[in-house]
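*Asks:* Sequence first, then the predicted structure:
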Amino acid sequence: MHIVVCMKQVPRDNSVKINADLTINADGIEQIMNLFDEYAVEEALQWNEKLGGKVTVLSIGPEDWKEQIRRALAMGATDSLLLSDAAFTNLDTFGAARVAAAAIKKLGDVDLVLCGRNSTDDETAAFAPALARLLGWTQLTYVGKVVTLESGKIVAERHLEEVVETVEASLPAVVTVVKGINEPRYPSLLRIRKVAKVEIPTWSAADLGLSAADLTPALNLVNRVPPPPRPKGEVIEGKDAAEKVARLVDKLMEAQVI
Amino acid sequence: MANEIWVFIERTAHGDMAGVSKELLGKARELADASGMKVGALILGAGVGDLANVAFSYGADTAYVVDDGALAQYTTDGYVGAAAALAKKYQPALILTGASFQMRDFSAALAAELDTGVAADSTNVSIDNGVVSAVRSSHGGNVINTLAFAPGKTAVVSVRKQSFPEPQANPGRSGAVVTEAMPGVPMRAKVVSVAPKQGAVNLADAAIIVSGGRGLGSPENYYKLIPPLAEAVGGAYGASRAIVDAGWVPYEHQVGQTGKTVSPKLYMAVGISGAIQHLAGMRSSRTIVAINKDPDAPIFRVATYGVVGDANEIVPLLTEEIKKRTGK
C-alpha cells in the first residue's frame, strides 16, 4: 500500500506579527512539524509496518523547509517529496490543495492520503477536503481510529463533537486524523544521522504542469489585523485568601457572570 | 449569479433546526434586505418534515429541498453531491453553513466542488457591491483576516456559532418550496454506526469553563478542586495541554491551540501559567479569572480579575463562597 502523508511546517507558537504587505511574519519563531501531522505520519508508519509498501511524506514550501521532511524520514517514512517553487509563496488553502493534487496524480499509485485535522497556523481544516474533491476521491475527516485498512477499503472512526461515527469507505481516500489517534514516536539519533544526507526530490510548478491561473488565491486577503487588546484587568488584593475570595465573588456577581 | 443567499439547515439530534441555522437565517435576511437579495434554505435529508416552514418563519423566502433515503446519514459524497448540484443549477451568490466538524467537512468539500475556497470558521460576513467578504481568525486568534471572494462564483462561508443573534420566529411567514431529486453521485462511504462519544464534553457550548493546569501540582488536586468549582458555577471543566499530555485529564477537556477554542462568558484559569498555545484557545472569553501563585504569569495579562495565591488554598474557599452566595 502506498500512503502519502501531507505535512506542513508551522511556527511552534502563534505569536506572529503582520507585515505591512499583510503577509505573516514568524521571524524568530522555531518552525516545527504541524502537531496534527505528526499523528498522520505515525498512523502511516504503523499501517506500513503491518501492510508493507511505501510511506511518502509530501510538503509544500521553500528549499530550506526540508528539516521537517527529514524528521518524518527519521521517524520512518520511506520516501519524500518537496513541492517548491517561487510561485507557491502566497498559496491559499485551495491553491495548496491544487499543488498537492497535481503531485499525487503524478505519483500515480497512491492508495491513501493522510493529513492532520488542520494546521495550527491557518486553521482552515479545508486542505484535505479540497484535495479529496480535486482528486475525485472520498474523504474521512476527524478520524480518531483506523479500524481496518486493506486493499481497496478502510473502516475508520470519525470522532465528532458528541458522537463517534464508524464509516466504511472505498480507497483511494483522503483521511484527516485527530490528536490522540496514536502516540507519535521520536526519531532515533541513529535514524536522524541516517537520513541527514538523503536527497529529497523536489518538484516545481512546471514539473506539475501548473499555470499561474491554477495558483491564484480563491480568496483575496483584503485586511489582516491583530485582535483588539483585552480591557485592562485588575488584581484582587486582600489581607488573606478569604478576603481575596470574597472580593472576587463580589466582582463576579456585580458583572452578573455567576 | 442569482440574487440569493443560502443557508444550509442543520438539525439537532432530535431533528429540530439547529440554533446556528436560525442565527444564519437571521444574518442572511439582514444581508438580503440590505442588498435587494432573497434568502434560500438548503434542506437535505431523509424525511425533512416541517423544516421548510420553520425556515420560512426564520426569514427564508425559498426552501431548496432534496429528501432522499441516500441522505439519511451525513456522508460527504451524498451531502456535497446534492448541494453542489443545487448550487450549480440555481447559482446562489453565497452559501452559509455552521462550523461544527461535520459542517467544516461539508463546506470545504462543497467549495472545492464549486471551484473555490471556503472562508472557514468565520465570525462575520458581509456583501458590498456584490462582493462577499468574511472575517476569520487564524494563528490561534492572534490574527484577524478579512477575505474577499472573487465575484462570479458562489462564495462558501462556514460560521462559528453565536456569531450572530438568533432572530425571533415569525410563524406567519411563508415561502416557496423547490424540490429536487437526489443527483446520481458515487457514494463511496457508508456510515456503519453512530455511538455517543464516551466522556464527551461540549466545551464549545459551555457558558462557564473552569480550567486547571500544572500549577495544581497533581491529578488528585485537579479532581479535588476543579470539577467541584465548575459544578458550583454551573460550568464545564477544562485543562491545559501540559496536564493532558501528562495524562492527568482526557484530551476531550483540552483548551488551546491543539485542543478546543472556547469563548464562554466566564473562563477561570487555575494554576495555568498562560502559554501562548493556551491563550489561543480562550482569549476571546468575555470575563477571565486567573488564579496563580506566580504574579508574573502571562495569564494575568489577559485576565479580567487576577488572584495571586496558592490554588490549593483559594479554590476550596472560592467554591464554598460561591455556593453560599448563589444559594446553590
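*Replies:* Yep, it's here.
*Asks:* for chain B, which spans come out with low pLDDT?
*Replies:* B:1, B:328 (pLDDT under 70).
*Asks:* Longest strand in it, please.
*Replies:* Ranked by residue count and defined by DSSP state E, the top strand of chain B is strand B:118-128.
*Asks:* Check what contacts it and list those residues.
*Replies:* Strand B:118-128 is contacted by residues A:93, A:123-126, A:219, B:5, B:27, B:31, B:34-35, B:37, B:93-94, B:96, B:99, B:104, B:107-108, B:110-111, B:132-137, B:147, B:149, B:155-160, B:163 when judged by Cβ atoms under 8 Å, 6 or more residues apart in numbering or on different chains. For every residue, glycine as well, the C-beta is placed using N, CA and C.
*Asks:* got the buried residues for stretch B:298-314?
*Replies:* For stretch B:298-314, the neighbour count (16 or more other Cβ atoms under 10 Å in any protein chain shown) marks B:298-309, B:311-314 as buried.
*Asks:* try stretch B:87-101
*Replies:* Applying 16+ other Cβ under 10 Å to stretch B:87-101 flags B:Ala87, B:Tyr90, B:Pro92, B:Ala93, B:Leu94, B:Ile95, B:Leu96, B:Thr97, B:Gly98, B:Ala99, B:Ser100, B:Phe101 as buried.
*Asks:* Can you name the element that comes right after the one helix or strand the first one maps to?
*Replies:* Taking DSSP states H and E as the definition, one finds B:Ala87 inside helix B:76-90. Later in the chain than helix B:76-90, the nearest helix or strand by DSSP H and E is strand B:94-97.
*Asks:* Tell me the strands beside that following strand, with direction?
*Replies:* Sheet pairing for strand B:94-97, assigned by DSSP bridges, gives strand B:4-8 (parallel), strand B:155-159 (parallel).
*Asks:* need the residues of the stretch 1-150 of chain A near chain B, please.
*Replies:* Residues of the stretch 1-150 of chain A lying near chain B by Cβ under 8 Å from any Cβ of the partner chain: A:11, A:13-16, A:18, A:24, A:35-36, A:92-94, A:97, A:120-126, A:128-130, A:132-134, A:137-142.
*Asks:* ok, and what's touching the helix holding B:Ala87?
*Replies:* By Cβ under 8 Å, 6+ apart, helix B:76-90 touches A:129, A:132-133, A:138-139, A:141, B:2, B:4, B:6, B:8, B:40, B:42, B:44, B:64, B:66, B:68, B:70-71, B:95, B:105-106, B:109-110, B:113-114, B:154, B:178, B:180, B:182-183, B:185-189.
*Asks:* and the residue lying closest to A:Gln46 once chain neighbours are set aside, how far is that from A:Glu49?
*Replies:* Of all residues not flanking A:Gln46 in the chain, A:Asn182 sits nearest, at 6.4 Å (Cβ to Cβ, 6 or more residues apart in numbering or on different chains). Note on A:Asn182: its distance to A:Glu49, by Cβ to Cβ, to the nearest Å, is 12 Å.
*Asks:* More neighbours: which of those two?
*Replies:* Ranked by neighbour count (other Cβ atoms under 10 Å in any protein chain shown), A:Asn182 and A:Glu49 place A:Asn182 first, with 18 against 10.
*Asks:* Please tell me how far that one sits from A:Gly108.
*Replies:* 28 Å.
*Asks:* next one: B:Gly59
*Replies:* 49 Å.
*Asks:* Tell me which of those two has more neighbours.
*Replies:* B:Gly59 (25 against 7).
*Asks:* What about the nearest residue to that one once chain neighbours are set aside, how many residues nearby?
*Replies:* Excluding its sequence neighbours, the residue lying closest to B:Gly59 (Cβ to Cβ, 6+ apart) is B:Arg29, at 3.5 Å. By the criterion of other Cβ under 10 Å, B:Arg29 has 20 neighbours.
*Asks:* ok so, going back, buried ones in the helix holding B:Ala87?
*Replies:* B:76-87, B:90.
*Asks:* Strand B:155-159 and that helix, what's the angle between them?
*Replies:* 130 degrees (axes from the mean of the first three to the mean of the last three Cα atoms, to 10 degrees).
*Asks:* list the contacts for B:Val177?
*Replies:* Contacts of B:Val177 (Cβ under 8 Å, 6+ apart): B:Ala52, B:Thr62, B:Ala63, B:Val65.
*Asks:* from those, which is closest to A:Ile154?
*Replies:* The closest of those to A:Ile154 turns out to be B:Val65 (Cβ to Cβ; 32.0 Å).
*Asks:* any residues touching the helix or strand containing that closest one, and which ones?
*Replies:* Using DSSP H and E, B:Val65 sits in strand B:62-67. Residues outside strand B:62-67 that contact it (Cβ under 8 Å, 6+ apart): B:4, B:6, B:38-48, B:51-52, B:55-56, B:82, B:86, B:90, B:175-182.
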